[in-house]
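Colleague: after the sequence you'll find the predicted model.
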Amino acid sequence: MARPRAKGSRKIKKVMGEYKRGKLRSSSGGKVRKRKQAVAIALSEARHAGARIPRRKRRTSRAR
């Protein structure tokens, strides 16, 4: 069985290839035009496939 990181990288490569060819669609059916949105879809699909991809780190606000 493939390692989780390998599984995730394959899924991300597949989705980004779809974006590059103009075949990637959002859940509502519209064409994805922004690269950031394509990355978000790729990471989400990889997580659903079972890859252990860490969540985005949030910046904490500091008291001044």
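Modeller: Alright, I've got the coordinates.
Colleague: distance of Ile41 relative to Gly50?
Modeller: 17 Å (C-beta to C-beta, to the nearest Å). Bear in mind the C-beta positions are built from the backbone N, C-alpha and C, glycine included.
Colleague: comparing those two, which residue is more hemmed in?
Modeller: Ile41 (20 against 11; other C-beta atoms under 10 Å).
Colleague: now the strands for the chain?
Modeller: Here the chain has no strands by DSSP state E.
Colleague: against which helices or strands is the helix or strand of it with the lowest mean pLDDT packed?
Modeller: In the chain, the helix or strand scored least confidently by mean pLDDT, DSSP states H and E is helix 4-21, which has a mean of 88. Secondary-structure packing of helix 4-21 (3 or more C-beta pairs under 8 Å, 6 or more residues apart in numbering; DSSP states H and E): helix 35-48.
Colleague: which strands and helices sit next to the helix it packs on?
Modeller: helix 4-21.
Colleague: centre of the chain to the helix it packs on, how far?
Modeller: 8 Å (C-alpha atoms, centre = their mean, to the nearest Å).
Colleague: list the buried residues in it.
Modeller: Lys7, Gly8, Lys11, Ile12, Val15, Met16, Glu18, Tyr19 (16 or more other C-beta atoms under 10 Å).
Colleague: wait, what's in contact with the last one?
Modeller: Put plainly, it is Tyr19. Tyr19 sits next to Val32, Arg35, Ala38, Ala42 when contact means C-beta atoms under 8 Å, 6 or more residues apart in numbering.
Colleague: does the third one touch Gly17 like I think?
Modeller: No: when contacts are counted by C-beta atoms under 8 Å, Ala38 is not listed as touching Gly17 (10.2 Å).
Colleague: what residue ranges in the chain score low on pLDDT?
Modeller: Along the chain, segments meeting pLDDT under 70 span 1-4, 63-64.
Colleague: circling back to that earlier point, distance to Ser26 and neighbour count for the contacts of Tyr19 - can I get that in TSV?
Modeller: Below are the contacts of Tyr19 laid out as TSV (distance: C-beta to C-beta, whole Å; neighbours: other C-beta atoms under 10 Å):
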residue	distance to Ser26	neighbour count
Val32	6	18
Arg35	13	11
Ala38	10	19
Ala42	12	22
